[in-house]
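1. need a 3D model of the following:
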Amino acid sequence: MDSFDIASAVARLYDADPGREWARMDRHRTEFAVTLRVLREFLPRPPASVLDCGGGPGRYAIELAQQGYAVTLFDLAIGNLALARQRAAEANAELARYEQGTATDLTRFPAGSFDAVLLMGPLYHLLEECERRQALAGAYRVLAPGGVLFAAFITRYAAHRDCAARYPAQLLAEQPIYDRILADGCLPPPADGRVSFVAYFAHPTEAAPLCWQAGFEVAAVLGVEGVASAAEEELNKLDGPAWDAWVDVNRQIAADPCIHGGAEHLLAVAVKPRWRPALAALARRLDAAGVHYKIVGGASLALHGLPLAVRDVDIETDAPGAYRFQQLFPTRVVEPVALRCGDAYRSHLGHFDFDGIPVEVMGGLERREGEAWLPTWATTETIVKLEDVPVRVSWLEEETLACVRRGRLERAAFCLPRCDHDRLMALLRRGIKTQGV
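-> The predicted model follows:
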């Protein structure tokens, strides 16, 4: 079944009974309450702009609009949007826009036009990994640098937990369906065209890597039901301090990976890092000026695909390149380029600031070996595309060996599984030969 047919099946599911999705948050109060707390913790302050992508009948959109956010509600089901308008009017809440469409196509929204994106529904229903990647790529594009993504996943064992709690005999009666969910996470529409739930049940280990690979930096992955998963009947009867205490404890433990396989929903909180667009613009300018450079350090590792939060950018070039860099960016200078010596390294070093991103430029970097200074700036090079801009980086294998030389063994161990064995051995042999000269 193609993606159009699946999207049609999902739309028919929600259009058949929009009120059921609205009431779902009353049946699952813990999920709703914990998620609202997470939104309060990570969202920028109102009146920030929020895209609630796949926001259904607007439970979260209306809550945020009442707090002063400029919320665009975007959903596949026309019935959901109609109910959202009704509920917003009843709550005296004004949403910025109501839009109908699919999460795999956000092209109607300009790049960088939202401060936050809620993707708390679409990833449930995109059965193909390429579609889930497409939805995340779209969210990344429409977010402003520094913007926050909230991406929700139904977990791999949620269907089995629901079955065990409410209709255990169904496991045997529909065993092929449950076996497939365990095998690949997919619950496609029924062949006879009946209105039915369509879902992808993600393994808990999938959520963070999928976001990292889309260019985000993951701040948290949370099991929003906590220990209340499939055990809410009695909790839902509580109010006041007793209810608040349970919300407190479930929020407190939500980040513990030990509970993620036993929760129905995971919520990944991720940030579109500011350094990526800043580095892309910087690299474009350096190439245009003919300055040869390489990105090294943590930014290099992130560009090689390692899940690593980057706080600054290190650039290696030759000595003339360092001074040319300073000429190109005179208003960014924090500490002018000059020859600086340490106990182990020396270079023509300068510090710069690009809209809050610290950039260190090292020209003609040398390492002390006994009484001599030996050139040590990166000798390998590959090209990585960043925001569609080619960026020069050293090999991951050279970065790994640099970590070893500097005693950063934990980071070296972090890199090693992704290293190419032949490249690593070639660099090691080169290093041994150099030391023997």
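2. for burial, what's the neighbour tally of the nearest residue to residue 236 once chain neighbours are set aside?
-> Of all residues not flanking residue 236 in the chain, residue 29 sits nearest, at 5.5 Å (CB to CB, 6 or more residues apart in numbering). To be clear about C-beta, it is placed using only N, CA and C from the backbone, and glycine gets the same treatment. Per other CB atoms under 10 Å, the neighbour tally for residue 29 reads 17.
3. same deal with residue 32?
-> Counted by other CB under 10 Å, the residues lying close to residue 32 total 18.
4. helices or strands up against the strand or helix carrying it?
-> For residue 32, the host element (DSSP states H and E) is helix 29-42. Counting contacts by 3 or more CB pairs under 8 Å, 6 or more residues apart in numbering; DSSP states H and E, helix 29-42 packs against helix 18-27, helix 59-66, strand 143-155, strand 217-223, helix 240-253, strand 265-271.
5. looking at these, which is nearest to residue 291?
-> Nearest to residue 291, of all the helices and strands packed on helix 29-42, is strand 143-155, at 23.7 Å by CB to CB.
6. list the buried residues of that closest one.
-> Residues of strand 143-155 classed as buried: 143, 144, 145, 147, 148, 149, 150, 151, 152, 153, 154, 155 (neighbour count, 16 or more other CB atoms under 10 Å).
7. was I right about the last one contacting residue 257?
-> No. In terms of CB atoms under 8 Å, residue 155 does not count as a neighbour of residue 257; the distance is 11.9 Å.
8. identify the contacts common to these two.
-> Counting by CB atoms under 8 Å, 6 or more residues apart in numbering, the shared contacts of residue 155 and residue 257 are residue 204.
9. quick one on the thing from earlier: same list, the helices and strands packed on helix 29-42, but as a markdown table with mean pLDDT and distance to residue 408 please.
-> Output for those, formatted as a markdown table (pLDDT from 0 to 100; distance: least, CB to CB, whole Å):
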| stretch | mean pLDDT | distance to residue 408 |
| --- | --- | --- |
| helix 18-27 | 92 | 46 |
| helix 59-66 | 98 | 42 |
| strand 143-155 | 97 | 28 |
| strand 217-223 | 98 | 20 |
| helix 240-253 | 96 | 32 |
| strand 265-271 | 98 | 24 |
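10. where does the stretch 301-437 of the chain dip in pLDDT?
-> Within the stretch 301-437 of the chain, the segments meeting pLDDT under 70 span 431-437.
11. please repeat the previous calculation with a cut-off of 50.
-> Within the stretch 301-437 of the chain, the stretches with pLDDT under 50 are 433-437.
12. ok, which stretches of it are strands?
-> 313-317, 333-341, 345-354, 357-369, 372-375, 382-386, 389-393 (DSSP state E, counting those that start in this stretch).
13. list the buried ones in the longest one?
-> By that I understand strand 357-369. The neighbour-count check on strand 357-369 (16+ other CB under 10 Å) flags 357, 359, 360, 361, 362, 363, 364, 365, 366, 367 as buried.
14. what do you get for the third one?
-> Residues of strand 345-354 classed as buried: 345, 346, 347, 348, 349, 350, 352, 354 (neighbour count, 16+ other CB under 10 Å).
15. and the host helix or strand of residue 71, how far out from the chain middle?
-> For residue 71, the host element (DSSP H and E) is strand 70-75. Put simply, strand 70-75 sits 20 Å off its chain's centre (CA atoms, centre = their mean, to the nearest Å).
16. so which bits of it are buried?
-> 70, 71, 72, 73, 74, 75.
17. likewise stretch 383-400?
-> Residues 384, 386-387, 389, 391-400 are the ones in stretch 383-400 that count as buried (16+ other CB under 10 Å).
18. what's the answer for stretch 240-259, then?
-> Within stretch 240-259, the residues scored as buried using 16+ other CB under 10 Å are 243, 246, 247, 250, 251, 254, 259.
19. list the contacts of the closest residue to the fourth one other than its chain neighbours.
-> To tie it back to what came earlier, the one meant is residue 250. Spatial nearest neighbour of residue 250, excluding adjacent residues (CB to CB, 6+ apart): residue 226 at 2.9 Å. By CB under 8 Å, 6+ apart, the contact set of residue 226 is 30, 34, 249, 250, 251, 253, 254, 259, 263.
20. again with residue 112
-> 141, 142, 143, 144, 145, 147.
21. what of residue 393?
-> By CB under 8 Å, 6+ apart, the contact set of residue 393 is 294, 295, 296, 300, 303, 304, 381, 382, 383, 384.
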